[in-house]
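**Q** Here is my input; please provide its structure:
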Amino acid sequence: MLPPVVLLLVLLFRWTDQGRALVHASARMLGQLVMIGYVLVWVFRAHHWAWVLLALALMAAAAGWIALRPLKGKKSRLYGRSLLCILGCGGGTLALVIFGVLQPAVWHDARIVIPLAGMIFAGSMNQISLAAERYAAERDRGADHVTARATALRASLIPLLNTFFAVGLVQLPGMMTGQILAGADPLMAVRYQILVMLMLLSSGGLAAAIFVEWFGRTQFETCRA
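**A** Down below sits the predicted model:
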């Protein structure tokens with residue numbers, strides 16, 4: 001897989017200013033995945049709710065900061081809002097899935113909670129990033145809050161809606177593919193994948209909408225100052 005990555009890296013260095021960002025992101029990806037592998041082995045063996053909640057808090061804290069990466073200006077002023085949107089929308093969706101849908105024998109089963117939280121928090125993070133970046137760009141062009149908000153939300157939903165249109169025809173998502181490869185009934189895999197798609201849409205879409213509204217009415221000018 002390295003040759004196409006190297007080719008993309010060359011193009012990014014020649015055409016954009018994102019070459020270094022890709023190198024940095026790739027190095028972090030490798031290091032973080034190795035580290036989390038060891039951490040998850042320990043957390044899975046601990047079987048204690050406190051460690052699971054701590055892991056969720058750290059995941060949300062990181063997602064809240066990374067979500068603001070595309071924005072210029074004093075991002076620290078927006079971190080609390082980003083974190084609250086992810087915790088409120090993402091955490092609420094996670095609780096609904098765990099207690100209302102899956103209802104595992106042990107609610108803090110790390111093998112269930114942490115992977116689901118990772119999908120939900122990452123989805124909310126990406127939706128906030130897309131919406132915030134587009135909102136800021138629209139405001140910089142002179143658009144008012146209502147127009148910029150609508151444009152930002154439409155842009156943030158493009159990846160999700162494309163996935164909704166393509167799933168089953170173009171794409172077999174990761175969870176569904178993994179279950180089928182593991183020997184699960186395809187219809188059961190479909191049910192779980194529908195759950196995943198809906199939880200990503202609800203948590204990410206709501207997080208983006210609330211953040212843009214919150215960001216836009218009072219914080220846009222402050223952040224730019």
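
**Q** From here on, just use CA atoms for contacts and neighbour counts.
**A** OK.

**Q** Give me the below-cutoff pLDDT ranges for the protein.
**A** 1, 172, 174-175, 217-225 (pLDDT under 70).

**Q** next one: the top helix by length along it to chain centre, how far?
**A** Counting residues, the longest helix found in the chain (DSSP state H) is helix 110-140. Centroid separation for helix 110-140 versus its chain: 3 Å, with C-alpha atoms, centre = their mean, to the nearest Å.

**Q** In it, which of the residues would be classed as buried?
**A** By 16 or more other C-alpha atoms under 10 Å, the buried positions in helix 110-140 come out as 110, 113-114, 116-136, 138-139.

**Q** For the helix or strand following it, C-alpha coordinates in PDB please.
**A** Using DSSP states H and E, the helix or strand that follows helix 110-140 in sequence is helix 145-166. The C-alpha coordinates for helix 145-166 follow below in PDB (Å, rounded to 0.1, in the frame of the first residue of the first chain):
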ATOM      1  CA  HIS A 145     -25.400  33.800   9.700                       C
ATOM      2  CA  VAL A 146     -28.500  32.100   8.400                       C
ATOM      3  CA  THR A 147     -27.100  31.700   4.800                       C
ATOM      4  CA  ALA A 148     -23.700  30.500   6.100                       C
ATOM      5  CA  ARG A 149     -25.400  28.100   8.500                       C
ATOM      6  CA  ALA A 150     -27.500  26.500   5.800                       C
ATOM      7  CA  THR A 151     -24.500  26.200   3.400                       C
ATOM      8  CA  ALA A 152     -22.300  24.700   6.200                       C
ATOM      9  CA  LEU A 153     -24.900  22.100   7.200                       C
ATOM     10  CA  ARG A 154     -25.400  21.000   3.600                       C
ATOM     11  CA  ALA A 155     -21.700  20.700   3.000                       C
ATOM     12  CA  SER A 156     -21.200  18.700   6.200                       C
ATOM     13  CA  LEU A 157     -23.800  16.200   5.300                       C
ATOM     14  CA  ILE A 158     -22.400  15.400   1.800                       C
ATOM     15  CA  PRO A 159     -20.200  12.500   2.900                       C
ATOM     16  CA  LEU A 160     -22.900  11.000   5.100                       C
ATOM     17  CA  LEU A 161     -25.600  11.300   2.400                       C
ATOM     18  CA  ASN A 162     -23.300   9.900  -0.200                       C
ATOM     19  CA  THR A 163     -22.700   6.900   2.000                       C
ATOM     20  CA  PHE A 164     -26.400   6.500   2.500                       C
ATOM     21  CA  PHE A 165     -27.000   6.500  -1.300                       C
ATOM     22  CA  ALA A 166     -24.000   4.100  -1.900                       C
END
